[in-house]
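S.K.: this one's structure only:
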Ligand code: COA
């Protein structure tokens, strides 16, 4: 039996706080005209103090699960693609696993910057197609606002916060993930990075003083790289899936800059209306940008069952990739809205997690007392 990996659920979560260009103009030397004409961005979302990469990821995941027939406890694996994890470790994916109550799932983070969601989807699809897993949750989640130097006008205008999630399930019906292209070029690693905080430059007064914990970017070089790879990766993914470009109903590109998307459209000889674009409202949300764009494409009726899609992204690393999909899932979530049963299960998961923490403490005390008495 041939197995296929289908997207059966999708969801997104963005913070309520909207940061407009008009507000940014008050704090840095720029203009609305410059930002819009160079990037297409008009506003972006900024996480509130209580919102984190894991909390946004969990919200997006709950919404994705709400559209499926499964619960968190049925998941085999959770992959969180993120460039802005909560900690170096534990993995953000483990925090999400705990918050969801996905007690049978393995969980890990995937670091491929803005290409992370595509890379994660491919890993999930391979696990499903090989027969080793049935249901995988893939999330792209970011709080880039915490890593932006708000005095650097070359970067702070670009980025925003948010999360998007897909549930992938094994099916016998042909379709779902058809092909994937994954590429990297580490020689360009210095073009876009957060230099300090890792083992190369551990946190010190000097690294903090030099603002090396914020995003550093050579915008011009990243722009040149992006315009080069977007069209070629899309073409390669389509070719591997035996699809003519004319048979692709929608291209969902990484939302970094409208000019990069326009260049990709020109390179592919496709009209811009064949591309999903929402960069004007969210800016660049890195690994979250593609799933957020897919969720909105659905909301706007731009994806219908049977459609062929190419998701295409690029980012720090350097990394880039594209994935062709045949969308076979129902047009609308099977069970739209928040499911009471799901909320109940989440509450139960939180209680069970609390009980495990308390029991671990008690066990520690008992073990400590018994090892003291045997000394
Ligand atoms: N407002 C006004 N001027 C600005 C500015 C801002 N917010 N940011 C930069 N500038 C200035 C620069 O200082 C430069 O001035 P100079 O010529 O006196 O040195 C000038 O504008 C032009 O800079 P340049 O880098 O050539 O602009 P650009 O047209 O390439 O646009 C980016 C800059 C960052 C918008 C563009 O390069 C870009 O989008 N790159 C890709 C970034 C990206 O996608 N990163 C994420 C990858 S996942």
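M.R.: Structure received. Predicted model, so just to flag it, every value in this text is computed and none were measured.

S.K.: okay, residue 349: pLDDT?
M.R.: As predicted, residue 349 sits at a pLDDT of 84.

S.K.: My error: substitute residue 338 in the last question.
M.R.: The model's pLDDT for residue 338 equals 56.

S.K.: Pull up the gap between the residue in the stretch 151-300 of the chain positioned nearest to the ligand and residue 225, please.
M.R.: The minimum distance from the stretch 151-300 of the chain to the ligand, using C-beta to the nearest ligand atom, falls at residue 219 (2.9 Å). Every C-beta, even on glycine, is put in place using the N, C-alpha and C of the backbone. Residue 219 sits at a distance of 11 Å from residue 225 (criterion: C-beta to C-beta, to the nearest Å).

S.K.: And residue 182, by the same measure?
M.R.: Distance from residue 182 to residue 225, counting by C-beta to C-beta: 16 Å.

S.K.: who's more crowded, those two?
M.R.: Between residue 182 and residue 225, counting by other C-beta atoms under 10 Å, residue 225 is the more crowded of the two (20 against 16).

S.K.: The more buried one: what's it in contact with?
M.R.: 188, 191, 314, 318 (C-beta atoms under 8 Å, 6 or more residues apart in numbering).

S.K.: got the contact list for the last one?
M.R.: Which is residue 318. Taking C-beta under 8 Å, 6+ apart as the criterion, residue 318 is in contact with 184, 185, 186, 188, 189, 191, 192, 225.

S.K.: Surely residue 343 is in a helix?
M.R.: Yes. With DSSP: H, G, I helix; E, B strand; the rest coil as the criterion, residue 343 is part of a helix.

S.K.: what's residue 305 sitting at in phi/psi?
M.R.: Torsion angles at residue 305 (phi, psi; degrees, to the nearest 10) stand at phi -50, psi 140.

S.K.: what's the pLDDT at the residue nearest the centre of the chain?
M.R.: Central residue of the chain (C-alpha atoms, centre = their mean): residue 140, 1.7 Å from the mean position. pLDDT recorded at residue 140 is 98.

S.K.: isn't there a helix covering it?
M.R.: No. Counting by three-state DSSP, residue 140 is not part of a helix but strand.

S.K.: isn't it right next to residue 294, touching?
M.R.: No. Assessed by C-beta atoms under 8 Å, residue 140 is found out of contact with residue 294, at 10.4 Å.

S.K.: Give the residues shared as contacts by the two.
M.R.: residue 164.

S.K.: what about the residue of the stretch 1-150 of the chain found nearest the ligand, which helix or strand?
M.R.: Residue of the stretch 1-150 of the chain nearest the ligand, by C-beta to the nearest ligand atom: residue 30 (3.2 Å). Using DSSP states H and E, residue 30 sits within no helix or strand.

S.K.: Excluding chain neighbours, what is closest to it?
M.R.: residue 153 (5.0 Å; C-beta to C-beta, 6 or more residues apart in numbering).

S.K.: what does residue 55 give?
M.R.: Here the residue nearest residue 55, using C-beta to C-beta, 6+ apart, is residue 99, at 7.7 Å.

S.K.: can you check residue 287 too?
M.R.: residue 140 (3.4 Å).

S.K.: before we move on, the earlier item: isn't the residue of the stretch 1-150 of the chain closest to the ligand right next to residue 24, touching?
M.R.: Yes. Between residue 30 and residue 24 there is a contact under C-beta under 8 Å: 6.6 Å.

S.K.: ok now do the closest residue to residue 42 other than its chain neighbours, which residues does it touch?
M.R.: With sequence-adjacent residues excluded and distances taken as C-beta to C-beta, 6+ apart, residue 42 is closest to residue 280, at 4.6 Å. By C-beta under 8 Å, 6+ apart, residue 280 lies in contact with 40, 41, 42, 43, 258.

S.K.: re earlier: spit out the contact partners of the residue nearest to the centre of the chain.
M.R.: Taking C-beta under 8 Å, 6+ apart as the test, what residue 140 contacts is 80-82, 116-117, 120, 163-165, 285-291.

S.K.: that older thread, for PyMOL, write a command that selects the buried ones of the contacts of residue 318.
M.R.: Listed next is the PyMOL selection for buried residues among the contacts of residue 318, using 16 or more other C-beta atoms under 10 Å:
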select buried, resi 188+191+192+225
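
S.K.: and which of the contacts of residue 318 is nearest residue 65?
M.R.: residue 184 (31.1 Å; C-beta to C-beta).

S.K.: Identify the bridge partners of the closest one.
M.R.: Judged by DSSP bridges, the bridge partners of residue 184 are residue 319.

S.K.: Report the beta-bridge partners for residue 325.
M.R.: residue 177, residue 309.

S.K.: neighbours of it, just the number please.
M.R.: 29.

S.K.: show me what contacts it?
M.R.: By C-beta under 8 Å, 6+ apart, residue 325 lies in contact with 7, 175, 176, 177, 178, 308, 309, 310, 311.

S.K.: where does it land on pLDDT?
M.R.: Confidence score, pLDDT, at residue 325: 97.

S.K.: before we move on, back to that, out of the contacts of residue 280, which is most surrounded?
M.R.: Most surrounded of those: other C-beta under 10 Å gives residue 41, at 24 neighbours.

S.K.: got a list of what the closest residue in space to that one that isn't next to it in sequence touches?
M.R.: Excluding the flanking residues, the one nearest residue 41 by C-beta to C-beta, 6+ apart is residue 283, at 4.8 Å. Taking C-beta under 8 Å, 6+ apart, we find residue 283 in contact with 39, 41, 43, 44, 157, 158, 159, 160, 255.

S.K.: What separation do you get for residue 283 and residue 45?
M.R.: Relative to residue 45, residue 283 is positioned 8 Å away (C-beta to C-beta).

S.K.: can you list residues touching both of these two?
M.R.: Here residue 283 and residue 45 have residue 160 as joint contacts, going by C-beta under 8 Å, 6+ apart.

S.K.: Could you tell me which of the contacts of residue 318 belong to helices?
M.R.: residue 225 (DSSP state H).

S.K.: Brilliant, that's me finished.
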